[in-house]
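Enquirer: Can you look at this prediction? I've put the sequence above it.
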Amino acid sequence: MNRKIEIIHGDITKIPVDIIVNAANSSLLGGSGVDGAIHRMGGKEILNACQKIRAKQGGCKVGEAVITTAGNLPAKYVIHTVGPRWNGGNNHETDNLKNCYLNSFIVANNNGATSISFPNISTGIYNFPKNQAASIALETITDSLYLYHNIQKVNIVCFEIENYLIYKELIESL
């Protein structure tokens, strides 16, 4: 098992790391769940940075990732990635979710990160099946750690106990 990955039951906005990943919506203007919490806790600096990205490129597409300041959060940056909405599994949801993690790693690596925290992307209001999302996340994170050696620590931060237990069981089986 890769000791670089830690599963945490807690609040992603409270854990010091270089980069916090936000499960954003394509507007980048904040929303519910982790997205709302990151915008609330991070403050207006994050919203202002997101508005500049929107003005330049019109938001963020599903599976892509953009970076902003972390504002008041205990991090240097926030990477905003847009997870897929679950539509039965036949609309590239799996590939799009994998791309959220891959593109977040690329952006993190390009910005000199050594530590990163991920939420449970797409498992809230986007209804991605939690077990399947966890398997995709762990597989993609594990593969990415082999490609991006400067990233020394990855947290998967689960706000809900259900997600935490799913990840703990999966990681112990690796």
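Expert: The structure has been received and is ready for your questions. Small disclaimer: the values here were computed from a predicted structure and weren't measured.
Enquirer: where exactly do the strands run in the chain?
Expert: Counting by DSSP state E, one finds strands in the chain at the ranges 5-9, 19-24, 65-69, 77-82, 115-118, 153-158.
Enquirer: ok, the fifth one: who's next to it in the sheet?
Expert: The partner list of strand 115-118 in its sheet, established with DSSP bridges, is strand 19-24 (parallel), strand 153-158 (parallel).
Enquirer: tell me the angle of the last one relative to strand 5-9?
Expert: An angle of 30 degrees separates the directions of strand 153-158 and strand 5-9 when computed by axes from the mean of the first three to the mean of the last three CA atoms, to 10 degrees.
Enquirer: residues making contact with strand 153-158?
Expert: Residues from elsewhere that reach strand 153-158 (CB atoms under 8 Å, 6 or more residues apart in numbering): 4-12, 15, 17, 114-120, 137-138, 141, 145, 164, 167. For glycine as for every other residue, the C-beta is placed from the backbone atoms N, C-alpha and C.
Enquirer: same thing with the first one?
Expert: Here strand 19-24 makes contact (CB under 8 Å, 6+ apart) with 12-13, 31, 33-35, 38, 60, 65, 67, 70, 73, 75-83, 104, 108, 111, 113, 115-122, 124.
Enquirer: Okay, now the unreliable bits of this structure?
Expert: 1-3 (pLDDT under 70).
Enquirer: what do you get if the cut-off is 90, keeping everything else the same?
Expert: 1-3, 30-32, 172-174 (pLDDT under 90).
Enquirer: could you show me where the helices are in it, in order?
Expert: For the chain, the helices defined by DSSP state H cover 33-42, 44-57, 93-110, 130-147, 161-173.
Enquirer: Could you export those helices to JSON lines, including columns for mean neighbour count and distance to N25?
Expert: Listed next are the helices of the chain as JSON lines, based on neighbours: other CB atoms under 10 Å; distance: least, CB to CB, whole Å:
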{"stretch": "helix 33-42", "mean neighbour count": "20", "distance to N25": "6"}
{"stretch": "helix 44-57", "mean neighbour count": "15", "distance to N25": "11"}
{"stretch": "helix 93-110", "mean neighbour count": "21", "distance to N25": "13"}
{"stretch": "helix 130-147", "mean neighbour count": "18", "distance to N25": "17"}
{"stretch": "helix 161-173", "mean neighbour count": "16", "distance to N25": "19"}
